[in-house]
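Student: okay, here's the prediction I keep looking at, along with the sequence it came from:
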Amino acid sequence: MSQPVSRRARSGRSSSAASGKSLELRLARAGQVALRGIEPLVPVQCAVCREPGESVCRPCRRLLHRSCSRPRRVETGAAQLGGLPVVAAGSYEFELAVCLMAFKDGGRSDLLPVLAPVLARAVRAGLGEDSADQVLVPIPTSARALRRRWSDPVGELLARAGREGLLPAGARIEPWLAHRSRTAGAALHLGPAPWTGSQKTRDAAGRARAEDPFVLQRPGRRLRSPVPVSAVLVDDVLTTGSTLRRAARRLEAGGIEVRGAVVLGAVGAPSAQTARSARESPEAGG
């Protein structure tokens with residue numbers, strides 16, 4: 001009696017999965033048809049050169065991919081990192097900077113499928129061959145930025161890369177960090193207790209929050225999962241390195257070793273073209 005039931009259950013699960021995929025395909029096609037329908041009213045423009053027709057036109061997409069084709073270590077240019085190794089997809093300039101700004105602050109959600117593979121390439125380079133059971137922790141956005149943008153850029157990019165199978169096998173996304181401005185007593189007291197706001201003046205309280213903007217939280221979908229042994233931080237842009245350093249301190253206070261970080265762009269980092277020119281220069285030696 002149990003065998004027919006189990007077969008029926010398996011058949012039901014298979015049917016549900018198939019219908020789910022079919023629904024996703026139908027929704028994707030409907031979205032494409034809708035976009036084609038509204039294009040005459042709201043024309044899609046290249047985010048870089050404003051050429052109508054595509055989110056990023058072919059020439060600009062080619063330049064973007066060329067500038068991000070070789071992710072590289074960039075921690076030497078960020079004074080406040082404290083030695084934390086960081087891999088960047090590219091230098092924060094030209095096509096990458098324009099696309100990222102348009103995605104974050106310009107409401108260009110159509111750039112999500114353009115930037116997600118770029119970030120995924122950097123993640124693969126950062127994790128290397130040892131990607132099994134690696135935890136990727138996105139840097140959370142503040143409540144203020146979330147209200148302004150209506151999105152969490154880093155989280156969305158990572159989620160898209162994960163859905164498309166672009167991340168290394170065995171790596172998983174777990175938001176163990178939350179921004180203090182978006183939580184109300186949700187911190188996990190796994191290490192030293194976070195600052196409690198006992199200063200006498202509001203200015204001092206504001207400075208303390210700025211110096212420690214993150215809290216440790218258990219991801220909602222993994223309520224029973226143990227605290228990971230190590231993690232890799234993921235952010236959009238590296239400037240001075242202070243944000244990554246503060247996030248790393250919060251994770252380390254909870255007993256999570258931070259192996260390094262991955263970012264889309266790094267301010268002041270040499271571009272792929274500059275690095276290539278330096279290698280090929282006769283004065284470079286060799």
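Tutor: All right, it came through fine.
Student: quick one: the strands in the stretch 51-200 of the chain?
Tutor: 72-73, 86-91, 135-138, 172-173, 177-179 (DSSP state E, counting those that start in this stretch).
Student: tell me what the last one is packed against?
Tutor: Which is strand 177-179. The contact analysis (3 or more Cβ pairs under 8 Å, 6 or more residues apart in numbering; DSSP states H and E) places strand 177-179 against strand 214-216, helix 242-253. All C-beta atoms are positioned from the backbone trio N, CA, C, and that covers glycine.
Student: contact partners of it?
Tutor: Residues outside strand 177-179 that contact it (Cβ atoms under 8 Å, 6 or more residues apart in numbering): 137-143, 186-187, 213-217, 247, 250-251.
Student: try 7 Å
Tutor: Strand 177-179 is contacted from outside by 137, 139-143, 186, 213-217, 247, 250-251, using Cβ atoms under 7 Å, 6 or more residues apart in numbering.
Student: could you pull up phi and psi at V48?
Tutor: phi -100, psi -60 (degrees, to the nearest 10).
Student: in contact with it, which residues?
Tutor: 56, 60, 95, 98-99.
Student: want to throw the residues you listed into TSV with pLDDT, distance to E156 and neighbour count?
Tutor: Formatted as TSV, those follow (pLDDT from 0 to 100; distance: Cβ to Cβ, whole Å; neighbours: other Cβ atoms under 10 Å):
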residue	pLDDT	distance to E156	neighbour count
V56	95	17	28
C60	96	21	22
E95	95	20	24
V98	95	18	19
C99	96	14	26
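Student: turn those residues into CSV, columns for distance to G260.
Tutor: Shown next, in CSV, are the contacts of V48 (distance: Cβ to Cβ, whole Å):
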residue, distance to G260
V56, 29
C60, 30
E95, 25
V98, 27
C99, 24
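Student: mind listing which of the residues you listed are in helices?
Tutor: Among the contacts of V48, the members falling in helices (DSSP state H) are 60, 95, 98-99.
Student: which one of the residues you listed is nearest T76?
Tutor: Set against T76, the nearest of the ones in helices among the contacts of V48 by Cβ to Cβ is E95 (23.8 Å).
Student: which non-adjacent residue is nearest that closest one?
Tutor: Once flanking residues are discounted, E95 sits nearest to L64: 4.1 Å by Cβ to Cβ, 6 or more residues apart in numbering.
Student: go on, H65?
Tutor: Leaving aside its sequence neighbours, H65 sits nearest to V118 (Cβ to Cβ, 6+ apart; 7.7 Å).
Student: what about that neighbour, how many residues nearby?
Tutor: Using other Cβ atoms under 10 Å, V118 is surrounded by 24 other residues.
Student: mind listing what it touches?
Tutor: Applying Cβ under 7 Å, 6+ apart, the residues contacting V118 are 68, 89, 264.
Student: what's the distance between the first one and E75?
Tutor: So the one you mean is C68. 18 Å (Cβ to Cβ, to the nearest Å).
Student: who's more crowded, these two?
Tutor: C68 (24 against 21).
Student: for that one, what are its contacts?
Tutor: C68 neighbours (Cβ under 7 Å, 6+ apart): 89-90, 96, 118, 121.
Student: which one among the contacts of strand 177-179 gets closest to E51?
Tutor: T141 (30.4 Å).
Student: leaving out sequence neighbours, find the closest residue to that closest one.
Tutor: D152 (4.9 Å).
Student: that neighbour: how many residues sit nearby?
Tutor: 19.
Student: run through the helices of the stretch 51-200 of the chain in chain order.
Tutor: Per DSSP state H, counting those that start in this stretch, the stretch 51-200 of the chain carries helices over the ranges 58-67, 94-105, 112-127, 143-149, 153-163.
Student: check contacts around S230.
Tutor: 256-257, 259.
Student: among the helices and strands packed on strand 177-179, which is nearest D133?
Tutor: It is, among those and with distance given as Cβ to Cβ, helix 242-253, at 16.2 Å.
Student: following the closest one, which helix or strand comes up?
Tutor: Counting by DSSP states H and E, the next helix or strand C-terminal to helix 242-253 is strand 257-266.
Student: rewinding a little: for the contacts of V48, which one is nearest Q45?
Tutor: Nearest to Q45 among the contacts of V48, with distances taken as Cβ to Cβ, is V56, at 9.7 Å.
Student: just list the residues touching that closest one, thanks.
Tutor: V56 sits in contact with 46-48, 64, 99, 114, where contact means Cβ under 7 Å, 6+ apart.
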